[in-house]
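Show me how the following folds:
(one chain, ligands or ions: 1)
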Amino acid sequence: MVEQISYARVKSDPLSAQTYSQRKQNKHDQEMAMLAKAFAKTKDIHSVLDAPCGVGRASIWLAQQGREVTGIDLGKAALKLAGELAQEAGVKISFASHDIFALPFANKQFDATLCFRLLHHFESEELRARLIAEMCRVSDRYVVMSRISPHSVTSWRRRLRFKLFGKPIKQYPVTAAALDAQFKKQGFSPVIQVGGSEFLHSLQLHVYMRN
Ligand SMILES: C[S@@+](CC[C@H](N)C(=O)[O-])C[C@H]1O[C@@H](n2cnc3c(N)ncnc32)[C@H](O)[C@@H]1O
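Below is the predicted model of the structure:
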C-alpha cells in the first residue's frame, strides 16, 4: 500500500517554530559545518532552493555565503519566523509556502537544491523516491540531501526500544547505497558524503551532481 503524505510534522504553530529555532547551539553549529563541507564541493552555483527551509537556518547561512536563496516550507509559523530571522541577519531571501512534493518551479530552475532533515520523516520508499525526484527535477546541477543512517548507535537504540517497549519509531533511516540508487534513477551521481562515522553520527549529508 502506498503511504499517504503525512503533514503531521509541518511547523504551522508558533511554538514548534520557536522551539526549532532554539536548537542547541552546538548541534546547530555542527549542522552548518556539515553544510559548509558539502557546499564546498559544489562549483559555480548561484541560485539555491532550500526545501524545506523551516525557520530558515540553512537559508540564512547560504545567503551569508553569497547565494541567491529561495526557501520553501508548508509551516506558516516557520516561514514567518524565517523571514524575521533573515531580516535580523541582514540577508535577502525569497520565502514562500509550497508543498515539497509539488513544487511550482520549472525543471532545472535552480543551480542547486538542498533538502535538509526531511527525508527521514517518510517511511515508504515510494514517498522518499517522489521527494528525491522532485528535488532533482528543479535542480540544474546539484542536490544536497540529508538522511539518517541505519548503522548509527541512535538508530540501533531506537530499534531496540521498539522491540523491547514498543516505542514507535518516528525517524526512518536509509543506507547510502539506497540513496545513491534513487539518485541514479534521476540521472545524478554521488560527489561526497559528509557526516563522519555512521556508527557515531546518525545525520549524514550527501551531494549529488547531474550526469
Ligand atoms: C525538521 S524541519 C527541517 C527544516 C530545515 N531544513 C532545517 O534543517 O532547519 C522539517 C520541516 O519540513 C516542513 N515540511 C514537512 N512536510 C513538508 C511538505 N510536504 N512541504 C514543505 N515543507 C514541509 C516542516 O514544516 C518543517 O519546517
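
Now do the phi/psi pair for residue 140.
Phi and psi for residue 140, reported as degrees, to the nearest 10, are phi -80, psi -30.

Surely residue 61 touches residue 32?
Yes: with contact defined as CB atoms under 8 Å, residue 61 reaches residue 32; the gap is 5.2 Å. Every C-beta, even on glycine, is put in place using the N, C-alpha and C of the backbone.

which residues touch the residue in the chain that the ligand sits nearest to?
Closest residue of the chain to the ligand, CB to the nearest ligand atom: residue 54 (2.6 Å). Applying CB atoms under 8 Å, 6 or more residues apart in numbering to residue 54 gives the contacts 11, 17, 20, 73, 75, 78, 82, 117.

dump the residue contacts of the residue lying closest to the fifth one once chain neighbours are set aside.
Meaning residue 75. Residue nearest to residue 75 in three dimensions, not counting chain neighbours: residue 11, with 3.4 Å by CB to CB, 6 or more residues apart in numbering. Listed by CB under 8 Å, 6+ apart, the contact partners of residue 11 are 17, 20, 54-55, 73, 75, 77-78.

go on, residue 211?
187-189.

swap in residue 175?
Counted by CB under 8 Å, 6+ apart, residue 175 has contacts 149-151.

Name the nearest residue to the residue of the chain closest to the ligand, ignoring sequence neighbours.
Nearest one to residue 54, counting by CB to CB, 6+ apart, is residue 78 at 5.1 Å.

Then that neighbour would be within a helix, right?
Yes: the assignment for residue 78 by DSSP: H, G, I helix; E, B strand; the rest coil puts it in a helix.

ok, how many other residues are close to the residue lying closest to residue 68 once chain neighbours are set aside?
Of all residues not flanking residue 68 in the chain, residue 47 sits nearest, at 4.7 Å (CB to CB, 6+ apart). Around residue 47 there are 15 other residues, counting by other CB atoms under 10 Å.

One more: residue 18?
With other CB under 10 Å as criterion, residue 18 counts 14.

Look up how far residue 53 lies from it.
Distance, residue 18 to residue 53, using CB to CB, to the nearest Å: 16 Å.
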